[in-house]
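> I need the structure of the sequence given here:
(2 chains)
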Protein chains: 2
Amino acid sequence: MCLTDAPPSGPVSSGSHPVQDQSASSPYQNVNDFISNVNRFKIIESTLREGEQFANAFFDTETKIRMQALDEFGVDYIELTSPVSSPQSYEDCKTICSLGLKTKVLTHVRCNMEDAKKAVECGVDGVDLVIGTSSFLQKYSHGKSIEMIQKTALEVIEYVKSQGVEVRFSSEDSFRSDLVDLLTLYKAVDKAGVNRVGVADTVGGATPRMVYDLIRTLRGVVSCDIETHFHDDTGCAVANAHSALEAGATHIDTSVLGIGERNGITPLGALMARMVVTAPEYVTKKYNLKALKEVEELVASAVNINIPFNNPITGFCAFTHKAGIHAKAILANPSTYEIIDPALFGLTRYISINSRITGWNAIRSRCEQLGIKMTDDEVKEVTAKIKQMADIRPLAIDDTDSILHSYHIELQKKRELQEQQA
Amino acid sequence: MCLTDAPPSGPVSSGSHPVQDQSASSPYQNVNDFISNVNRFKIIESTLREGEQFANAFFDTETKIRMQALDEFGVDYIELTSPVSSPQSYEDCKTICSLGLKTKVLTHVRCNMEDAKKAVECGVDGVDLVIGTSSFLQKYSHGKSIEMIQKTALEVIEYVKSQGVEVRFSSEDSFRSDLVDLLTLYKAVDKAGVNRVGVADTVGGATPRMVYDLIRTLRGVVSCDIETHFHDDTGCAVANAHSALEAGATHIDTSVLGIGERNGITPLGALMARMVVTAPEYVTKKYNLKALKEVEELVASAVNINIPFNNPITGFCAFTHKAGIHAKAILANPSTYEIIDPALFGLTRYISINSRITGWNAIRSRCEQLGIKMTDDEVKEVTAKIKQMADIRPLAIDDTDSILHSYHIELQKKRELQEQQA
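Numbers count the residues shown, from 1 in each chain, chains lettered A, B, ... in the order given. Predicted coordinates:
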């Protein structure tokens, strides 16, 4: 037997989520530092750059164009693979720059004049010049000294600025770089007038404190914007982004579902979960949160992955509560155990009492949670798919999401076919 | 075409992973605080308590007994569901206490005398007394005042100590609790001689800085151990655990794959990823890292979930690199882009060049990465399963893991059957 909240009949504003009793307080709940940018951060959506480094990403031009869903989500920038990496990347870069998107389009090249020229040719709004500064990278990847890096950087920056294009300067493996070298370089490029400098935890080993300390220091050394890029090898990519913003960073790199090299970077959805709690007014106003699930499904299809069962917000379990000591409290007041209101993302909560979630139950509950209505015939078709799946290997509860999703895609195709025939 | 590292022929010590060049340094890489416990933390494995609150967890007695794999992994404590919650929980608690495990067995009850007595009866090594202290919880869940809580707590603590059993005292929703109330309570129970106090981010909204500040303060108020419990709603459960240890916490609650209420708590595997980087000598010595994948598969089977594609260490993509600018550096020196040596966990890295990973390729590469050898017949059987799956919905790369896993389980059953017949 399952108990679900009656789905709201109209849009639910965040105002219906009760505010915490002000008479109880912990002084640690708000950082209140003047350098914190948690209430005004910007996102550089890098699914089409970092995401292309995901093991199974082979985006054709049509897929890249469909990623303009990110434009509708409300991110400030979309970043593309370097136009230098292949003739196709070059063409796609030009194509996307000509789509007239609301967001600005950036690309990411090595710090040398030829690459920069190609980028500017494509019509991008901004160019990121990347260099490896850690001793590891200098030895194994580039083999250049800091002085030479600085000289080249200043030349290229001057060129890009002369073309009226935004210029950012980033290092790789910043958290294992010599601090003095890094600050020297960044101070120089800041003086040369870059719009933004970037730091990257390329290997995914940084901790929130390390991030806070480095960004805080950098905040006092440069006056330009600060962008950050965090890999998730040690499970800290979201927390590091938050820590960076507290320390004065202005821009966070994300990709949808975090896809990228190895196990990826700060996921867009998880970052939304984190920031909608820290800065609810800003986030709910700026981003089209109800579009998150759709954007994730678009990308998951494109690279053939399943949405993790425990994905923040959109995973099967994110708003699923088990019965018992918590259920009493939840029914009385949902915010007792929920820091995020599912309605903000177009979802409802689901409370499970006693019943193992299997096959058809899972599908039905999930449809209710997602606000999906199905006819009896559709129900039968999906049930058949579940049975087929169960013959191959034991059904997993997150399979419901992938079955529902692929089912939707087929429905859409049928409808499009019908429309064409009509 | 795929390029893989030749699998190591014998055990690979962490010493074969080159140490960073000491001539380049960032002062932020090591915290060096005397209160930090990153090099001596302990784990309270809560798959059989928090994990039971996972939406799809319905552990029978046999499954709970199989969880002694956690004992072999090297955790210090296993925590069980309250023996008060059902007659079955009571019996299972007694059963597990009598298994003679290396780890200590704990349980988790509400802070009252009857519950505490039942727990002690079962033969546990330690009892955790939990109370809700936030104004939210007081209003909606318990309805008691801080004074009454304190009085009850001291009585129950005295009783448990008199029985020679470890006693811990924890609050729920600690980060939204009134700080003064919380510290008053904890100071009193510390004085009464509890072994440990615990704080919990029950709603999953805490940030690393919030965690550091609260734990650091608590560290100066109590002399006993400090345990922490972090939910992952905002993607910070791992980072918060790390931050807590830096601030002087001594114990971290985990569950395998993070399973628990909603999208769960600090996952055991992800915590290993984080701590093997921060404290490699301690972690490699204390924990049987090569057993991680097996433990995760045990739990994934028990609750019917798939291993997320981007799961730290054991997910399909964790050690998978895409070709291009990074590949040159990786081939020369793996630690250029890898902060974790996959061999520590019994895995190898996998470098993908140009080929989309589909079906059979994915299976073969994954088998190599996991060090699995298959006969031609086995290969054919698994390929057949992949084709069946592809008929239902587009294949996802993480499906390979679930197909391989269920295939292994069937093989094991066949072997057991053959042994019984022989």
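> And stretch A:389-403, end to end?
Stretch A:389-403 has an end-to-end distance of 9 Å (criterion: Cα to Cα, to the nearest Å).
> pLDDT of it, averaged?
When pLDDT is averaged over stretch A:389-403, the result is 83.
> where does the closest residue to A:Tyr287 other than its chain neighbours sit relative to A:Glu91, distance-wise?
Counting by Cβ to Cβ, 6 or more residues apart in numbering or on different chains, A:Tyr287 lies nearest to A:Gly74, which is 4.3 Å off, once chain neighbours are set aside. In short, each C-beta sits where N, CA and C put it, glycine included. Counting by Cβ to Cβ, to the nearest Å, the separation of A:Gly74 from A:Glu91 is 27 Å.
> And A:Arg168, by the same measure?
For A:Arg168, the distance to A:Glu91 - Cβ to Cβ - is 23 Å.
> before we move on, what about A:Ala302?
Distance from A:Ala302 to A:Glu91, by Cβ to Cβ: 19 Å.
> Looking at the two, which one has more neighbours?
Legend: neighbour count by other Cβ atoms under 10 Å in any protein chain shown for A:Ala302 and A:Glu91, higher for A:Ala302 (22 against 13).
> So the more buried one sits against A:Phe59, correct?
Yes: using Cβ atoms under 8 Å, A:Ala302 is in contact with A:Phe59, at 6.5 Å.
> so what's A:Leu298 closest to, chain neighbours aside?
A:Ala69 (5.7 Å).
> burial of the one you found, as a residue count?
Using other Cβ under 10 Å, A:Ala69 has 16 neighbouring residues.
> For it, list the residues it contacts.
By Cβ atoms under 8 Å, 6 or more residues apart in numbering or on different chains, the contact set of A:Ala69 is A:Ala291, A:Glu294, A:Val295, A:Leu298.
> Now the first one. Nearest residue, chain neighbours left out?
Nearest residue to A:Ala291 in three dimensions, chain neighbours excluded: A:Phe73, at 5.3 Å (Cβ to Cβ, 6+ apart).
> pretty sure A:Asp71 is in contact with A:Leu101, am I right?
Yes: with contacts counted by Cβ under 8 Å, A:Asp71 reaches A:Leu101, the gap being 4.5 Å.
> Which neighbours do the two have in common?
A:Ile78.
> In contact with the residue nearest the centre of chain A, which residues?
Most central in chain A under Cα atoms, centre = their mean is A:Leu268, positioned 1.8 Å from the mean C-alpha point. By Cβ under 8 Å, 6+ apart, A:Leu268 lies in contact with A:Ile43, A:Glu45, A:Thr47, A:Phe73, A:Val75, A:Thr254, A:Ser255, A:Val256, A:Leu257, A:Gly258, A:Leu292, A:Val295.
> which residues in the stretch 251-400 of chain A form strands?
Along the stretch 251-400 of chain A, the stretches classed as strands by DSSP state E, counting those that start in this stretch are A:251-254, A:320-322, A:350-352.
> Pick the most buried one from the ones you listed.
For the strands of the stretch 251-400 of chain A, the largest average neighbour count (mean count of other Cβ atoms under 10 Å in any protein chain shown) is found in strand A:251-254, namely a mean of 28.
> quick one: strands adjacent to that strand?
strand A:42-45 (parallel), strand A:225-230 (parallel) (DSSP bridges).
> domain assignment for chain A?
Following automatic domain parsing, one gets these domains for chain A: A:32-302, A:320-421.
> Of all those, which one comes closest to B:Arg176?
Closest to B:Arg176 of those is domain A:320-421 (Cβ to Cβ; 8.9 Å).
> end-to-end on the closest one?
End-to-end for domain A:320-421, by Cα to Cα: 42 Å.
> now do stretch A:128-148
OK, stretch A:128-148 end separation, Cα to Cα: 18 Å.
> now stretch A:95-106
Note: stretch A:95-106 ends 13 Å apart using Cα to Cα.
> Which residues does the helix with the most length in chain A contact?
Criterion DSSP state H: the longest helix present in chain A is helix A:399-421. Helix A:399-421 is contacted by residues A:297, A:300-301, A:306-307, A:315-316, A:362-363, A:366-367, A:370, A:372, A:378, A:381-382, A:385-386, A:389, B:306, B:392-394, B:396 when judged by Cβ under 8 Å, 6+ apart.
> Now list the buried members of those.
Buried members of the contacts of helix A:399-421, scored by 16 or more other Cβ atoms under 10 Å in any protein chain shown, are A:297, A:300-301, A:306-307, A:315-316, A:362-363, A:366-367, A:370, A:382, A:385-386, A:389, B:306, B:392-393, B:396.
> In helices, which of those residues fall?
Taking DSSP H, the ones among the buried ones among the contacts of helix A:399-421 that sit in helices are A:297, A:300-301, A:362-363, A:366-367, A:370, A:382, A:385-386, A:389, B:392.
> thinking again about what came up before, put together TSV for the strands paired with strand A:251-254, with mean neighbour count on each row.
Below are the strands paired with strand A:251-254 laid out as TSV (neighbours: other Cβ atoms under 10 Å in any protein chain shown):
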stretch	mean neighbour count
strand A:42-45	24
strand A:225-230	25
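> out of the contacts of A:Leu268, which are inside helices?
When DSSP H defines the helices, the subset of the contacts of A:Leu268 inside them is A:Phe73, A:Leu292, A:Val295.
> which one of these is nearest chain B?
Here the nearest of these to chain B, counting by Cβ to the nearest Cβ, is A:Leu292; it sits at 13.8 Å.
> need the contact list for that closest one.
A:Leu292 neighbours (Cβ under 8 Å, 6+ apart): A:Phe73, A:Leu268, A:Gly269, A:Met272, A:Ile313, A:Thr314, A:Phe345.
> Need the pLDDT of it.
The model's pLDDT for A:Leu292 equals 96.
> Likewise for A:Lys64?
A:Lys64 is given a pLDDT of 85.
> could you measure it against B:Thr400, distance?
26 Å.
> Would you enumerate the residues in contact with A:Ala273?
Neighbours of A:Ala273 in contact, by Cβ under 8 Å, 6+ apart: A:Val238, A:Pro312, A:Ile313, A:Ile340, B:Asp233, B:Thr234, B:Gly235.
> quick one: the nearest residue to it once chain neighbours are set aside and B:Asn311, what's the gap?
Computed as Cβ to Cβ, 6+ apart, the closest residue to A:Ala273 that is not its neighbour in sequence is A:Pro312, at 4.0 Å. Look at A:Pro312 and B:Asn311: by Cβ to Cβ, they are 14 Å apart.
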